[in-house]
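Undergrad: Have a look at this prediction, sequence included:
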Amino acid sequence: TLKEIQAPNGYELTDTRPEVTFTIDNKGNVTEPEITTMIEGAVAVEGNAFAFKDEPLELQLTKIDGGDRETDADVFAGVIFALYDVTAENEALVAENLVTNEDGILTFGPAISNKTYDAQVIGGHQYKLVETRPIGYEAIEDIYFDVSEDGEITLENEQDGVTLDGVDKMEVVNTRKLGAVLLKKVDSESDTYIKGVVFELYREKEADTWYERVLQLFTGKQYELTGEFDWEGSGETGIDPDDLPTAQRGEIYVSGLDWGNYKIVETVADGYKLPVGVTERTYEFTIDAQSAENGVELLYNPETGVLTNDPNHLIVYKVDENDHQKILTGARYELIYVSDVDGNAVNKKIATSAAMSQADGYATWKWNVKEGVGYADRLTAGTYKLVETKSPDGYTIAEDIYFTMDVHGVVRIGEEEVAVNENGIPVIKAEDKTFEITIDKASTDGVALPGAIFELYEGETEIELASGAAITTGKDGTITINSLDTNPVLKVGSTY
């Protein structure tokens, strides 16, 4: 009986101890050979020649891109490995710059073979595979494995993503790093963070088609999309929000983003205007291997390091009805936010200081009584009314002025657009009217009596004509006095 008990280095027995039983006749020839093997052709006898055919010791590694929530796993070409023999105390480099082919495969086999392998392995040796981590993927530990005399692989260090398929195939999965995006929203004039801005985050499903699920984001918060998040899902499942530190309340940070194309759309920025011709602020970005490797995608203006919004402004002057160049002092005004841009009732008085208005988006209204001018800053688009609560001396209280401000900061009274000053700020000129009193002097039988002289008092104070003349009826028995033609002038609300 002739049996093979050990294959040469780099080869494995095709069967468990293949053997041949034979007899040698008196002429020295092999006769009656009986071959015992489970694999046809593993052993052949021709005359006195015995042929034992061993299989090359072949191992195969398949590299897999693990994909993400919306991308299926697939073979991973172009990944670089180095193979070391660590059987002896001092490890020895077997081969380097081993690159997975288009099918994500590396093959290992004997040096003496009709086939071409990426690297040589020998039965009974221990090896170490070292991966050059692909950009954008999590690192894997060095893979230690043994190759038995029979060509079977045994992993020495188990780790997630490295598995064996049978005894001679290994699969190694790379996990993609997830991306993140950071957006900083700043007031273009004050250089301060803008709180309360609302955004919507979209992910592209395919070219120009977006997932229906939309994430609403608020400045001052950070969001993490956890493992259970699904773009095909709904609600807030898989989203972990948290408040950012106070100093970063104008920022939005979103992590856990799969690779793909995204857009962030600004939907609410109370007190700030969109450029004319722009219906929404949209910021597009891509999470890929490089941005995932970088750790965070920055949505910044490259020159300023932030994204800015221009605040809304409005100036109101108190003027004479007949002379708009005449600024009237002494009036007082309130500004009321009547309804939002969609027509929903608000009816809220605009605060007179930033400290009072923090909860309302920092809209402020400051009226300067002594200069007859008011300044409204950071108004939200919608409908407003100016309410005069005190008129200048000599003038009547005007009717309320209703105006609208659109998302571009354009102000209209009715259908008419309000003119802007040299700085592009809308200016409303709120008119006030003077008033008159008429004294009619007549006899008891109705005859007009000219020349009658009157004195006018406010309490104990005599009111005189500004001209210095007496208050005297004319030829028709009357005298008409304009509110501004007296000293002091006549005032609404006073008793005479």
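TA: That came through, no problem. None of the values given here were measured: they were computed from a predicted structure. Numbering: from 1, shown residues only.

Undergrad: Could you pull out the strands in the stretch 51-200 of the chain for me?
TA: Under the criterion DSSP state E, counting those that start in this stretch, the stretch 51-200 of the chain carries strands at the ranges 55-56, 59-65, 74-75, 80-85, 92-99, 105-109, 119-120, 125-132, 143-147, 153-155, 162-164, 169-174, 179-187, 198-206.

Undergrad: Of all the ones you listed, which one is nearest Thr396?
TA: strand 179-187 (39.1 Å; Cβ to Cβ). Glycine gets a C-beta too; all of them are placed from N, C-alpha and C.

Undergrad: re the thing from before, take the strands of the stretch 51-200 of the chain and write them to CSV, including distance to Lys385, mean neighbour count and mean pLDDT.
TA: Putting those into CSV (distance: least, Cβ to Cβ, whole Å; neighbours: other Cβ atoms under 10 Å; pLDDT from 0 to 100) gives the following:
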stretch, distance to Lys385, mean neighbour count, mean pLDDT
strand 55-56, 90, 16, 75
strand 59-65, 61, 21, 94
strand 74-75, 62, 12, 94
strand 80-85, 70, 18, 96
strand 92-99, 73, 14, 95
strand 105-109, 75, 21, 91
strand 119-120, 82, 20, 88
strand 125-132, 69, 18, 95
strand 143-147, 74, 19, 93
strand 153-155, 77, 16, 91
strand 162-164, 71, 16, 93
strand 169-174, 63, 19, 94
strand 179-187, 26, 22, 93
strand 198-206, 26, 17, 92
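
Undergrad: would you turn those into TSV with distance to Leu215?
TA: Converted to TSV, these look like this (distance: least, Cβ to Cβ, whole Å):
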stretch	distance to Leu215
strand 55-56	54
strand 59-65	26
strand 74-75	27
strand 80-85	37
strand 92-99	39
strand 105-109	39
strand 119-120	47
strand 125-132	34
strand 143-147	38
strand 153-155	41
strand 162-164	34
strand 169-174	27
strand 179-187	12
strand 198-206	4
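
Undergrad: Contacts only, for the closest residue in space to Lys433 that isn't next to it in sequence.
TA: Of all residues beyond its chain neighbours, the one nearest Lys433 is Glu321 (4.9 Å), with distances taken as Cβ to Cβ, 6 or more residues apart in numbering. Taking Cβ atoms under 8 Å, 6 or more residues apart in numbering as the criterion, Glu321 is in contact with Glu431, Asp432, Lys433, Thr434.

Undergrad: Could you do Ala452 as well?
TA: Each residue near Ala452 by Cβ under 8 Å, 6+ apart is listed here: Lys441, Thr472, Thr473, Gly477.

Undergrad: before we move on, back to that, which two of the contacts of Glu321 have the greatest separation?
TA: With distance counted by Cβ to Cβ, no two of the contacts of Glu321 lie farther apart than Glu431 and Thr434, which are 10.9 Å apart.

Undergrad: list residues touching both of those two?
TA: When contacts are counted by Cβ under 8 Å, 6+ apart, Glu431 and Thr434 have Asp320, Glu321 as shared neighbours.

Undergrad: So for stretch 155-162, what gets flagged as buried?
TA: Judged by neighbour count (16 or more other Cβ atoms under 10 Å), stretch 155-162 contains these buried residues: Val162.

Undergrad: Count the neighbours of Glu460 for me.
TA: Counted with other Cβ atoms under 10 Å, the burial measure for Glu460 works out to 5 neighbours.

Undergrad: Against Arg281, how distant is Ala470?
TA: Using Cβ to Cβ, to the nearest Å, one obtains 68 Å as the distance from Ala470 to Arg281.

Undergrad: Have a look at those two and say which one is more surrounded.
TA: Taking other Cβ under 10 Å, Ala470 and Arg281 do not tie; Arg281 has more neighbours (18 against 11).

Undergrad: Now for the closest residue in space to that one that isn't next to it in sequence: which residues touch it?
TA: In space, and not counting its chain neighbours, Arg281 is closest to Glu266: 3.9 Å by Cβ to Cβ, 6+ apart. Shown in contact with Glu266 (Cβ under 8 Å, 6+ apart): Val197, Val198, Phe199, Glu280, Arg281, Thr282, Tyr283.

Undergrad: Take the residues you listed and lay them out in CSV including distance to Gln290.
TA: Listed next are the contacts of Glu266 as CSV, based on distance: Cβ to Cβ, whole Å:
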residue, distance to Gln290
Val197, 28
Val198, 30
Phe199, 24
Glu280, 28
Arg281, 25
Thr282, 22
Tyr283, 19
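
Undergrad: follow-up on the earlier one: mind putting the contacts of Ala452 in JSON lines, distance to Ile401 included?
TA: Below are those laid out as JSON lines (distance: Cβ to Cβ, whole Å):
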{"residue": "Lys441", "distance to Ile401": "39"}
{"residue": "Thr472", "distance to Ile401": "39"}
{"residue": "Thr473", "distance to Ile401": "38"}
{"residue": "Gly477", "distance to Ile401": "40"}
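
Undergrad: Could you list which of these belong to strands?
TA: In strands, judged by DSSP state E, the following of the contacts of Ala452 are found: Thr472.

Undergrad: For ChimeraX, write the select line for the buried members of the contacts of Ala452.
TA: Restricted to buried positions by 16+ other Cβ under 10 Å, the ChimeraX selection for these reads:
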select :441,473,477
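
Undergrad: farthest-separated two in the contacts of Ala452?
TA: Distance extremes for the contacts of Ala452: the farthest pair is Thr472 and Gly477 at 10.7 Å, using Cβ to Cβ.

Undergrad: list the contacts for Leu379?
TA: Contacts for Leu379 were tallied using Cβ under 8 Å, 6+ apart; they are Gly271, Asn312, Leu314, Tyr337, Ile350, Ala363, Met405.

Undergrad: In these, which has the lowest confidence score?
TA: In terms of pLDDT, the weakest of the contacts of Leu379 is Ala363, which scores 86.

Undergrad: What is the neighbour count of that residue?
TA: By the criterion of other Cβ under 10 Å, Ala363 has 22 neighbours.

Undergrad: List the contacts of it.
TA: Asp270, Gly271, Tyr337, Ile350, Ala351, Ser357, Ala376, Asp377, Arg378, Leu379, Thr380.

Undergrad: Please tell me I have it right and the first one contacts Ile194.
TA: I take that to be Asp270. No: shown here, Asp270 and Ile194 do not form a contact pair, counting by Cβ atoms under 8 Å, at 9.2 Å.

Undergrad: neighbour-wise, which of the two wins?
TA: More crowded of Asp270 and Ile194, by other Cβ under 10 Å: Ile194, with 28 against 20.

Undergrad: which residue packs closest to the more buried one, ignoring adjacent ones?
TA: Once flanking residues are discounted, Ile194 sits nearest to Lys185: 4.6 Å by Cβ to Cβ, 6+ apart.

Undergrad: Quickly list what that neighbour is bridged to.
TA: The residues paired with Lys185 through beta bridges, assigned by DSSP bridges, are Leu307.

Undergrad: close enough to count as contact, it and Thr219?
TA: Yes: Lys185 is within contact range of Thr219, at 5.5 Å (criterion: Cβ under 8 Å).

Undergrad: what's the overlap in contacts for the two?
TA: Here Lys185 and Thr219 share the contacting residues Tyr193, Ile194, Val197, Gly250, Glu251, Ile252, scored by Cβ under 8 Å, 6+ apart.

Undergrad: Return the closest of those residues with respect to Gly235.
TA: Distances from Gly235 to those, taken by Cβ to Cβ, are shortest for Ile252, at 19.8 Å.
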